[in-house]
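Peer 1: my questions concern the predicted model and sequence given below.
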Amino acid sequence: MLSFFAKRIALALSQMLAISVIAFSLLYLSADGIARAILGEQATEAQVAAKTVELGLDRPLHVRYFEWLTSALTGDLGRSYFTPQDVIDALLTRLPVTLSLLIATTIVAAIIAFGLGIAAAVYRGWLDRVVQVLSVLGYAIPGFLVALFLVVVFAINLKLLPATGFIPLTTDPAGWLRTMILPIAALSLGAIAATAQQVRGAMIDVLRADYVRTLRSRGLSEREIIFKHVLRNASSTGVTVLGLQFVGLLGGAIVVEQIFALPGLGTVAIQYTSRGDIPVVMGLVLLTALIVATVNLLVDLAVGLLNPKARIS
Amino acid sequence: MSTSTPKQTVRDSALRRFLSNPLAFLASSILLIIIAAALLAPVLSPQDPNFSAIRDAFLPPFSPDHLLGTDSAGRDVWARLLFGARISLAGAALALVIAALIGIPSGLLAGYYGGWFDSVSTWTTNLVQSLPGIVVLLAARAVLGPSIWYSMLIFGVILSPGFYRVVRTAVINVRNELYVDAARVSGLRDTAIIGRHVLTVVRAPIIIQGALLLGIALAIQSGLEFLGVGDNSIPSWGNMLNEGFRNIYRDPISILWPALAIGLTCAALVIIGNGLRDALEERGTRKVKASKRAAVVPVEPVAIVAARPEDDATPVQDVAPVPDAILSVRDLKVGYGERGSETVVVNNVRLDVRPGEVLGLVGESGSGKTQTAFSILGLLPAGGRVIEGSILFDGEDLARKSRSAFREIRGTGIAYIPQEPMSNLDPSFKIGSQLVTPMIRRLKIDRREATTRALELLDRVGIRDPKRTFDAYPHEISGGMAQRVLIAGAVSCRPRLLIADEPTTALDVTVQAEVLRLLRDLQAESDMGVILVTHNFGVVADICDRVAVMNKGTIVEMNDVESVFARPAHPYTQMLLASTLEGGPSRTELDAAEAGAR
């Protein structure tokens, strides 16, 4: 188990390193372009050249990368080109908003998706067909359209919930919930659709397994068989799919934050990329990769705990 | 070529199935209309999509000259929607083409040749998929500026794993097919094999995946423009959405048109993709269904006509229940399918088992012996049920019992040993827990007592280190050990009847004898009745007291073992015995003999 986990960590680190190299080279490829983006179109060649030197962009790419990497390892991601703010601060002040949205969405999606998937697999019949249709619809309609629909209906027309704004969970949990219900609903729909479908399939496969028949022959109750044995064997599929969905959720969060005016990473991303603030963009890419890698590790760990066979491979 | 005709009809019927699916038909029609509208935009719209007349801003729909009204800059919404379709669809198509150009060839190469190219490209694929597409696009925008074509180009690269994965999987599956081997052996070059055999197989998944990816590309493109980081000088659906959302309070209706256009197109693409998959997959399932039915259906008439006792020379058995029997099955009929039109797999079966007696249930695969065993256990697979007859166990008719009431007799009354040891232990739980839990539930003893008993049982079934096996997971023990564990589990709640379904078939020959001896000893110790389902007369001779021979769903002969071996009465029994004694003929010989006997 320990070596299994160590291998996964090594893989995650190698991927993050690769992402940082590729992102850094592509983002910093054109030094002149960066300087011109900061100074504007009217700037003279001389001004651009001076700015390039000022930012240290005249030195070779690999030198700058190693500089960036060594300071990144100490938690210093450089400074924004436009505001006198450290990149790490700009990101970390916004991170809790995005994380609270993502974690709440994942929990909601997991509960609903597993509930629907289990019910569809066990009862089959009309319930199964309803879940199937909902899955296709949830997958077919882009998440940000769902978010727009929710805003227009529940916030603007019915005025049931606030359309915009954010209250931190730590200051006022009830207020947080009021501001987060619509974003969570909008974001979780796609993940629920995809995960419920997979949980259903995995449950049906396990229900057909030989050992389920043997467990029945031993006189165990149907409830114990389904919730202990079948669910455990089917849940590693569900958890894996949910983990894959997480990458999509992270992207979706950027759009949803913008729609609901939540001050999270998505807002940072849009503000700073429009201005061409490369250090912040680089930091954002790294942070996103780190979040994805962490989630993947958690998924691997969960699958390893659920499924003893996975630990050997 | 004769091969092209059946292929053609297969494709035609898949297409017909696709179009006969109302949802898929509707989705295809909507998509065609949208594409036609995009192509005919200059004809359908009298206005210029970018012509702005500020004093005409926010005109409502159905205004003169403006079918859907105007936006905040006084531009015609209908014109922008039509010309927007051109840009949005072209952008999504660009991403799809790039994804196909990268994903399909690399998937073909990785799947066909494997090796280092496969490892490298799979690693790269994982890398590409470990960042949300929108983050990559935002980063690209910071460098390249707002251009729909650049971002769709990059998104094509991000989407390419979608093609890579399905193509690679399909190619790996087909590469190992015999006809591809044959083609290789016969000297065809790799390019010819890929062109002729592999491409035909991957075509369907590519089309399906293409529809899904096109929808994703359109969604992300509109999302990006909706965020306001796109090039807002062009009329596209995403820009219209952005414009509509900014004016949501002033002009709430204007967001509806681009939202509908994007939503309908994306939904249509997904539904088309799913419909295509269903249409192509149904071909497979239908074939299987048909062949299954073909294998089962003839059972019924033959079994009923030829095997009724009165038609047959063999005296099967008295109809009255045997007084001291623990199990009496009478006139059992088991079938699958809808009520009234079932496919019958077991018919007219009568048998009795007395305490301490081992009854062998012998027959070829498909003779109905396992179905008989499962109906006694109440464990028929989904769709199967007892149509007629009674299963008396301890004076209770199991055939009338509900599924939940069956629980009361399982484990303590009737227990079961399966055929395939490895697939019958839950891979996620330790062996100890799988032995202990049923004892706690059924014998109402506490965990400590159950643990002690489980260790004793493991020792009793001949496992050398019971403690270690108790703490092991199923994948950590051998097949022979697993079968011993399953036997221990079956006898753990002291059942009075044991049903063993081919308990030695999956084991090595050396282990087979030991497991049979173990079964015989356990049976003698506790005076259990046993039904031993087997196709092997050697096993019958070894362990059984009486034997019932099954053929085509019914019992053709039942007698004590000595008599059956000495004087087999039914021709089918004679044939089975002859084949066993001669050291096993092939199936074809048996079939030939059967055909001759008819």
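Peer 2: Great, that's in hand. Numbers count the residues shown, from 1 in each chain, chains lettered A, B, ... in the order given.
Peer 1: from the chain's centroid, how far away is the helix or strand hosting residue B:359?
Peer 2: Element membership for residue B:359, per DSSP states H and E: strand B:358-362. Averaged C-alpha coordinates place strand B:358-362 at 33 Å from its chain's average position (Cα atoms, centre = their mean, to the nearest Å).
Peer 1: now for whatever helix or strand comes next after that strand, which elements pack on it?
Peer 2: Next along the chain after strand B:358-362, taking DSSP H and E as the criterion, comes helix B:369-377. Counting by 3 or more Cβ pairs under 8 Å, 6 or more residues apart in numbering or on different chains; DSSP states H and E, the packing neighbours recorded for helix B:369-377 are strand B:327-336, strand B:343-353, strand B:358-362, strand B:384-393, strand B:414-417, strand B:497-501, strand B:529-534. (Each C-beta comes from the backbone N, C-alpha and C, glycine too.)
Peer 1: and these as TSV, adding mean pLDDT and distance to residue B:259?
Peer 2: Converted to TSV, those look like this (pLDDT from 0 to 100; distance: least, Cβ to Cβ, whole Å):
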stretch	mean pLDDT	distance to residue B:259
strand B:327-336	92	49
strand B:343-353	91	51
strand B:358-362	93	65
strand B:384-393	90	49
strand B:414-417	94	58
strand B:497-501	94	59
strand B:529-534	93	62
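Peer 1: which residues does stretch A:66-75 contact?
Peer 2: If you take Cβ atoms under 8 Å, 6 or more residues apart in numbering or on different chains as the criterion, stretch A:66-75 is touched by A:20, A:24, A:77-78, A:88, A:282, A:286.
Peer 1: swap in stretch A:151-160?
Peer 2: A:161-164, A:182, A:259-260, B:248-249, B:252, B:255.
Peer 1: filter those down to the buried ones.
Peer 2: A:161-163, A:182, A:259-260, B:248, B:255 (16 or more other Cβ atoms under 10 Å in any protein chain shown).
Peer 1: correct me, but residue A:303 touches residue A:237?
Peer 2: No. Using Cβ atoms under 8 Å as the test, residue A:303 is too far from residue A:237 to be in contact (9.0 Å).
Peer 1: show me which of those two is the more surrounded one.
Peer 2: Taking other Cβ atoms under 10 Å in any protein chain shown, residue A:303 and residue A:237 do not tie; residue A:237 has more neighbours (21 against 17).
Peer 1: chain neighbours aside, what residue packs nearest to the more buried one?
Peer 2: residue A:202 (3.8 Å; Cβ to Cβ, 6 or more residues apart in numbering or on different chains).
Peer 1: which strands and helices sit next to whichever strand or helix holds the one you found?
Peer 2: According to DSSP H and E, residue A:202 maps onto helix A:173-207. With contacts defined as 3+ Cβ pairs under 8 Å, 6+ apart, the packing partners of helix A:173-207 are helix A:87-123, helix A:125-140, helix A:143-150, helix A:231-259.
Peer 1: ok, and what's touching the third one?
Peer 2: So the one you mean is helix A:143-150. Counting by Cβ under 8 Å, 6+ apart, A:182-183, A:185-187, A:189-190, A:252, A:255-256, A:259-260, B:219, B:222-223, B:226, B:241, B:245, B:255, B:259, B:262-263 sit against helix A:143-150.
Peer 1: 7 Å - rerun?
Peer 2: A:182, A:185-187, A:189-190, A:252, A:255-256, A:259, B:223, B:226, B:245, B:255, B:259, B:262-263 (Cβ atoms under 7 Å, 6 or more residues apart in numbering or on different chains).
Peer 1: what does the stretch 101-250 of chain B put close to chain A?
Peer 2: Counting by Cβ under 7 Å from any Cβ of the partner chain, the positions of the stretch 101-250 of chain B adjacent to chain A are B:127, B:129-135, B:138-139, B:141-143, B:219, B:223, B:226-227, B:229, B:245, B:248.
Peer 1: need the contact list for the closest residue to chain A within the stretch 51-200 of chain B.
Peer 2: As assessed by Cβ to the nearest Cβ, chain A sits closest to residue B:132 within the stretch 51-200 of chain B, at 3.1 Å. Shown in contact with residue B:132 (Cβ under 7 Å, 6+ apart): A:247-248, A:250-251, A:288.
Peer 1: tell me, how many residues neighbour the spatially closest residue to it that is not a sequence neighbour?
Peer 2: Closest residue to residue B:132 apart from its sequence neighbours, by Cβ to Cβ, 6+ apart: residue A:251 at 3.1 Å. Other residues lying near residue A:251 total 23 when counted by other Cβ under 10 Å.
Peer 1: over to residue B:32?
Peer 2: Neighbours of residue B:32 (other Cβ under 10 Å): 11.
Peer 1: what's the answer for residue A:126, then?
Peer 2: Neighbour tally, residue A:126, other Cβ under 10 Å: 8.
Peer 1: can you check residue B:247 too?
Peer 2: Residues near residue B:247, counting by other Cβ under 10 Å: 16.
Peer 1: got it, and residue B:462?
Peer 2: 16.
Peer 1: now, among the contacts of residue B:132, which is nearest to residue A:36?
Peer 2: Nearest to residue A:36, judged by Cβ to Cβ, of the contacts of residue B:132 is residue A:288 at 26.7 Å.
Peer 1: the helix or strand where that closest one lies versus helix A:87-123: what angle between them?
Peer 2: Using DSSP H and E, residue A:288 maps to helix A:278-306. With axes from the mean of the first three to the mean of the last three Cα atoms, to 10 degrees as the basis, helix A:278-306 and helix A:87-123 are set at 30 degrees to each other.
Peer 1: can I get the helices and strands packed on helix A:173-207 in a markdown table with mean pLDDT?
Peer 2: What follows is the helices and strands packed on helix A:173-207, written out as a markdown table (pLDDT from 0 to 100):
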| stretch | mean pLDDT |
| --- | --- |
| helix A:87-123 | 93 |
| helix A:125-140 | 87 |
| helix A:143-150 | 89 |
| helix A:231-259 | 90 |
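Peer 1: which residue is nearest the centroid of chain A?
Peer 2: residue A:250 (2.8 Å; Cα atoms, centre = their mean).
Peer 1: looking at it, that one is touching residue A:291, isn't it?
Peer 2: Yes. Shown here, residue A:250 and residue A:291 form a contact pair, counting by Cβ atoms under 7 Å, at 6.5 Å.
Peer 1: how close does residue A:265 sit to residue A:293?
Peer 2: 16 Å (Cβ to Cβ, to the nearest Å).
Peer 1: please apply the same query to residue B:550.
Peer 2: Distance from residue B:550 to residue A:293, by Cβ to Cβ: 59 Å.
Peer 1: okay, those two: which has more neighbours?
Peer 2: Between residue B:550 and residue A:293, residue B:550 has the larger neighbour count (other Cβ under 10 Å), namely 29 against 19.
Peer 1: okay, and the helix or strand of the chain with the least pLDDT?
Peer 2: You didn't say which chain, so I picked chain A. helix A:31-39 (a mean of 80; mean pLDDT, DSSP states H and E).
Peer 1: ah, no, chain B please
Peer 2: Least confident helix or strand of chain B, by mean pLDDT, DSSP H and E, is helix B:299-307 with a mean of 34.
Peer 1: can you get me a residue count around the one residue in the stretch 401-550 of chain B that gets nearest to chain A?
Peer 2: Nearest residue of the stretch 401-550 of chain B to chain A: residue B:411, at 3.3 Å (Cβ to the nearest Cβ). Residue B:411 has 26 neighbours, counted by other Cβ under 10 Å.
Peer 1: and the pLDDT for it?
Peer 2: Confidence at residue B:411, expressed as pLDDT, is 89.
Peer 1: do I have it right that it meets residue A:218?
Peer 2: Yes. With contact defined as Cβ under 7 Å, residue B:411 reaches residue A:218; the gap is 5.0 Å.
Peer 1: shared neighbours of these two, which are they?
Peer 2: residue B:438.
Peer 1: redo the buried ones among the contacts of stretch A:151-160 as JSON lines? Include distance to residue A:241.
Peer 2: Output for the buried ones among the contacts of stretch A:151-160, formatted as JSON lines (distance: Cβ to Cβ, whole Å):
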{"residue": "A:161", "distance to residue A:241": "29"}
{"residue": "A:162", "distance to residue A:241": "32"}
{"residue": "A:163", "distance to residue A:241": "32"}
{"residue": "A:182", "distance to residue A:241": "25"}
{"residue": "A:259", "distance to residue A:241": "26"}
{"residue": "A:260", "distance to residue A:241": "26"}
{"residue": "B:248", "distance to residue A:241": "35"}
{"residue": "B:255", "distance to residue A:241": "32"}
